[in-house]
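Participant: Could you work out the structure for the sequence below:
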Amino acid sequence: MPVKIRLQRHGKKGKPFYWIVAADSRAKRDGKFLEKLGTYNPNINPAEINLDIDGSVKWLQNGAQPTDTARAILSYKGVMLKNHLVGGVRKGALTEEQVEEKFNAWVEAKAKAVDSKKGALADAKAKEKAEALAAEKAVNEARIAAAAPVEEEAPAEEAEAATEEVVAEATEEATEAPAAEATEEAAKEEE
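Facilitator: Predicted coordinates for the structure are as follows:
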């Protein structure tokens, strides 16, 4: 029986949630499975992945073939690395202690990278929020200045024009800042 490690879709329309399962390759996508190995939630950034690493390695050692997406997830969580290291133990190139040491070092490095990404996302969100608040304050100040009682008609018209200019500038800045950040982030990801 050919076994695949693949994703089984759950959740609702527009909000997918996946189970990572070992299933017969002839079974339906969301049908029978042999063992549930974990879950994958792509709705948050970074995606949440819970995985039974040892169970996944066991299935890979027994010949299960992961689909492309499942392979990427398994690689991201270190299952493919551990499978490779366990193969080295079978060949006599490594010991169990060396495998655990190398795998734990890799897991720690991966955790640091994920934490730095979470921190960068939180900083970007806070910066965007601060810029939106500053733009909103500028608009409110312009409205207050325009609402102040004015003795002559001509200065009132000038104040209205000035208010419109400030509002236009603030909205322009608010729309340009996220676009500039998005291009900077895209450039960083390409590197």
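
Participant: now what about stretch 87-103, what contacts it?
Facilitator: Residues outside stretch 87-103 that contact it (Cβ atoms under 8 Å, 6 or more residues apart in numbering) are 78, 81-82, 85-86. C-beta coordinates here come from the backbone N, C-alpha and C atoms, glycine included.

Participant: Same question for stretch 16-34.
Facilitator: Contact partners of stretch 16-34, identified using Cβ under 8 Å, 6+ apart, comprise 1-11, 35-43, 51, 56, 59, 64-65, 70, 73.

Participant: hmm, try it at 6 Å
Facilitator: With contacts defined as Cβ atoms under 6 Å, 6 or more residues apart in numbering, stretch 16-34 is touched by 1-5, 7-11, 35-41, 59, 64.

Participant: now swap in stretch 67-75 and tell me
Facilitator: Residues outside stretch 67-75 that contact it (Cβ under 6 Å, 6+ apart): 5-7, 40, 66, 80.

Participant: Turn those into JSON lines, columns for pLDDT, secondary structure and distance to residue 169.
Facilitator: Converted to JSON lines, the contacts of stretch 67-75 look like this (pLDDT from 0 to 100; DSSP: H, G, I helix; E, B strand; the rest coil; distance: Cβ to Cβ, whole Å):
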{"residue": "5", "pLDDT": "95", "secondary structure": "strand", "distance to residue 169": "55"}
{"residue": "6", "pLDDT": "94", "secondary structure": "strand", "distance to residue 169": "53"}
{"residue": "7", "pLDDT": "95", "secondary structure": "strand", "distance to residue 169": "48"}
{"residue": "40", "pLDDT": "95", "secondary structure": "strand", "distance to residue 169": "44"}
{"residue": "66", "pLDDT": "95", "secondary structure": "strand", "distance to residue 169": "53"}
{"residue": "80", "pLDDT": "92", "secondary structure": "helix", "distance to residue 169": "52"}
